[in-house]
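In: the amino acid sequence is not available; the structure is as follows:
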């Protein structure tokens, strides 16, 4: 276990360096994951040998680039078990994917007096697009509360999910609490009321197998950079019938069918949502990332991370005065863990950990409503991936103990 | 052990100011106040000032924040209290250079009093914003006052 799942740590050049004189203990994969050599090589090979624009020219290079780009789309479809590659839209990020749904689909189906249901644990990217939609349409944004342990309050959800609800938008995994939400059940309940299910999968898709058909999600958004791919490539899965009804929100090259001087018609989905030259290298990197993850096995990644989470939950719960936000049961807790150490400010804790080579995030984690809900202004967040080791986790626990001692001695 | 370096950042004077901040609270008749957020952590610092006879007659702050931001705000209130407007602007400029790791004269260093101890923050680039937040707020309030005077 000490070199990551299947010794995967060796595949990441970045881990060969020291941070502040200590071995790099990277616990910020929820912000962005590291990239293995195979992904970097796939991107570099593309630019060195096959670079051309896609869906454009009748030449050999362009044909190769187009084939690779569309093969990446097929790979993504397989990765999340979509029926059809044509239901995969390449975007810039989860944020752009969710904005596209809110703007294009939201404007299509939401009218004044309708309700949009979100939870108190949403990342701003699965919140502000809906807040804006509600403002545009005089609709109401309704929040589902949480239980004391950081799980979604399903009773509250059932009460608030009514025939007025048009869209339910919820993260599959909270980027702060690590809570895994029961999307399949929520989607069923939403569909019973005639509402559509939008899933923010940014913290889920990198960590366990996702089956959009089994979940019956109408839309599912995630980012490449949290799952080993370069930054700047994201995915929006949408049911084909819904994508077909939707209008583009950006216009220009690649997305058109026929253009007259005064009007134009659009290409079929997904291309109608991909105006301009797309992030071809990013898509190819994402395909390589999926190859890497599938070789390891998503189920093995999930089990490995759950073992790490069990160790860290146990270790941290033994530190006096440390508050953990989110479920204490490792089986209910994906690989994100937020906490505060006594009255110490999250930034002070993060600096103390940084000096020990332990890279965590501190702040509001783009979830200010959740911070208000928890009654805090900031928290420390440690997040794990399959390349983290038992040693990384042990160092976090001992690093926090040392941090606590330092500040309690200093405070005398 | 790398935590030794923590002593450099969290000096006794800094910890004491954070634990027992000076001029913490609201002023009864503050004519100028400004709340500034630190976007990386969501913390906010609110600075209030009263000007009389071209001097900082009263100053106070409130807000929740990390050790560095609280200590820096506390030290700033002591440094700026009673200063005339020109000197207050100069002190803020000196502090700004100090915290960015730029050299300042011994005279400037002395004028900053306890706040000079925050020089070590320059070695922790991720924390510079924590240390400068309150000073930015004060600088902004001085500018507001000076602009109003010109009107």
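Out: Received it, and whenever you're ready, just let me know what you need. Just so it is clear, the model here is predicted, and its values are computed rather than measured.
In: going forward, measure contacts and count neighbours with C-alpha atoms only.
Out: Fine.
In: tell me how chain A divides into domains.
Out: In terms of domains, chain A is parsed into A:5-27+A:297-407, A:40-294 (source: automatic domain parsing).
In: contact residues of chain B facing chain A?
Out: Neighbours of chain A within chain B, by C-alpha under 8 Å from any C-alpha of the partner chain: B:1-3, B:5-6, B:12, B:15-16, B:19, B:40-43, B:65-67.
In: can you tell me the element residue 68 falls in?
Out: Using chain A. helix A:60-79 (DSSP states H and E).
In: correction: the question concerned chain B.
Out: Judged by DSSP H and E, residue B:68 forms part of helix B:67-80.
In: for whatever residue of chain B ends up closest to chain A, grab the count of nearby residues.
Out: Residue of chain B nearest chain A, by C-alpha to the nearest C-alpha: residue B:41 (3.8 Å). Residues near residue B:41, counting by other C-alpha atoms under 10 Å in any protein chain shown, number 22.
In: okay, the domains of chain A in TSV with mean pLDDT next?
Out: Below are these laid out as TSV (pLDDT from 0 to 100):
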stretch	mean pLDDT
domain A:5-27+A:297-407	94
domain A:40-294	97
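In: what's the closest of those to chain B?
Out: domain A:5-27+A:297-407 (3.8 Å).
In: hang on, the earlier thing: tell me which other helices or strands the helix holding residue A:68 touches.
Out: Using 3 or more C-alpha pairs under 8 Å, 6 or more residues apart in numbering or on different chains; DSSP states H and E, the elements in contact with helix A:60-79 are strand A:88-91, helix A:280-296.
In: just checking, what packs against the helix holding residue B:68?
Out: Using 3+ C-alpha pairs under 8 Å, 6+ apart: helix B:67-80 touches helix B:12-19, strand B:55-62, helix B:128-150.
In: which SSE is immediately downstream of that helix?
Out: helix B:85-99.
In: residues making contact with that following helix?
Out: B:54-56, B:80, B:103-104, B:108-109, B:111-112, B:115-116, B:118-122, B:128, B:131-132, B:135, B:139, B:142 (C-alpha atoms under 8 Å, 6 or more residues apart in numbering or on different chains).
In: which residues sit against whichever helix or strand comes after that helix?
Out: As assigned by DSSP H and E, the chain's next helix or strand after helix B:85-99 is helix B:106-111. Identification of contacts with helix B:106-111 by C-alpha under 8 Å, 6+ apart yields B:79, B:91, B:94, B:116.
In: what about the residue nearest to the last one when sequence neighbours are not counted, how many neighbours?
Out: Once its chain neighbours are removed from consideration, residue B:116 has its nearest residue in residue B:109; the separation is 6.0 Å (C-alpha to C-alpha, 6 or more residues apart in numbering or on different chains). Residues within reach of residue B:109, counting by other C-alpha under 10 Å, total 19.
In: please name the nearest non-neighbouring residue to residue A:369.
Out: According to C-alpha to C-alpha, 6+ apart, the nearest residue to residue A:369 is residue A:120 (6.6 Å).
In: residue A:145 is in contact with the one you found, correct?
Out: Yes. Counting by C-alpha atoms under 8 Å, residue A:120 does reach residue A:145; the two are 5.8 Å apart.
In: which one of the two has more residues nearby?
Out: The neighbour comparison of residue A:120 against residue A:145 (other C-alpha under 10 Å) goes to residue A:120, with 23 against 19.
In: how deep is residue B:36 tucked in, by neighbour count?
Out: The burial count for residue B:36: 16, using other C-alpha under 10 Å.
In: beta-bridge partners for it, please?
Out: Counting by DSSP bridges, residue B:36 forms beta bridges with residue B:45.
In: that one and residue A:160, how far apart?
Out: Relative to residue A:160, residue B:36 is positioned 36 Å away (C-alpha to C-alpha, to the nearest Å).
In: how close does residue A:266 sit to residue A:91?
Out: Going from residue A:266 to residue A:91 by C-alpha to C-alpha gives 18 Å.
In: so which of the two has more stuff around it?
Out: Shown here are residue A:266 and residue A:91; by other C-alpha under 10 Å, residue A:91 has more neighbours (26 against 17).
In: can you pull the contacts of residue A:57?
Out: Residue A:57 sits next to residue A:63 when contact means C-alpha under 8 Å, 6+ apart.
In: ok, now with 10 Å
Out: A:63, A:66 (C-alpha atoms under 10 Å, 6 or more residues apart in numbering or on different chains).
In: that one should be in a strand, yeah?
Out: No. Counting by DSSP: H, G, I helix; E, B strand; the rest coil, residue A:57 is located in no strand; its state is coil.
In: any idea how far it is from residue A:64?
Out: If you measure residue A:57 against residue A:64 using C-alpha to C-alpha, the figure is 11 Å.
In: and for residue A:43?
Out: 14 Å.
In: who has more neighbours out of these two?
Out: residue A:43 (22 against 18).
In: surely the more buried one meets residue A:229?
Out: Yes. Counting by C-alpha atoms under 10 Å, residue A:43 touches residue A:229, with 9.4 Å between them.
In: okay, and the common contacts of the two?
Out: Common neighbours of residue A:43 and residue A:229 (C-alpha under 10 Å, 6+ apart) are A:281, A:282, A:283, A:284, A:285, A:286, A:287, A:288.
In: counting neighbours, what do you get for the second one?
Out: In this case it means residue A:282. That count, for residue A:282 with other C-alpha under 10 Å as the rule, works out to 25.
In: swap in the last one?
Out: Neighbour count for residue A:288, taken as other C-alpha under 10 Å: 23.
In: grab the nearest non-local neighbour of it.
Out: residue A:39 (5.3 Å).
In: state the distance from residue A:358 to residue A:22.
Out: 8 Å.
In: between these two, who's got more neighbours?
Out: Remark: of residue A:358 and residue A:22, residue A:358 carries more neighbours, 27 against 15, as counted by other C-alpha under 10 Å.
In: not counting sequence-adjacent ones, nearest residue to the more buried one?
Out: That would be residue A:25: by C-alpha to C-alpha, 6+ apart, it lies 4.6 Å from residue A:358.
In: give me the distance between that neighbour and residue A:397.
Out: 12 Å.
In: what's the overlap in contacts for the two?
Out: Contact criterion C-alpha under 10 Å, 6+ apart; residues shared by residue A:25 and residue A:397: residue A:391.
In: quick one: which helix or strand includes residue A:301?
Out: With DSSP H and E as criterion, residue A:301 is part of helix A:298-317.
In: how many neighbours does residue B:70 have?
Out: Residue B:70: 29 neighbours (other C-alpha under 10 Å).
In: ok, and the closest non-adjacent residue to it?
Out: Per C-alpha to C-alpha, 6+ apart, closest to residue B:70 is residue B:18, 5.1 Å.
In: please pull out the lowest mean pLDDT helix or strand from chain B.
Out: Least confident helix or strand, chain B: helix B:4-9 with a mean of 84, by mean pLDDT, DSSP states H and E.
In: are we agreed that residue A:170 is in a strand?
Out: Yes. Residue A:170: assigned to a strand according to three-state DSSP.
In: now do the contacts for it.
Out: With C-alpha under 10 Å, 6+ apart, residue A:170 has these contacts: A:117-123, A:126-127, A:144, A:181-183, A:186-187, A:197-201, A:220.
In: in helices, which of those residues appear?
Out: A:183, A:186, A:187 (DSSP state H).
In: any chance of those in CSV, plus distance to chain B?
Out: CSV is the format used below for the ones in helices among the contacts of residue A:170 (distance: C-alpha to the nearest C-alpha, whole Å):
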residue, distance to chain B
A:183, 30
A:186, 31
A:187, 33
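In: write a ChimeraX command that selects only the buried members of the residues you listed.
Out: Buried residues among those (16 or more other C-alpha atoms under 10 Å in any protein chain shown), as a ChimeraX selection:
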select /A:183,186,187
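In: of the ones in helices among the contacts of residue A:170, just say which sits nearest to residue A:34.
Out: Relative to residue A:34, the closest of the ones in helices among the contacts of residue A:170 is residue A:183; by C-alpha to C-alpha it sits at 27.4 Å.
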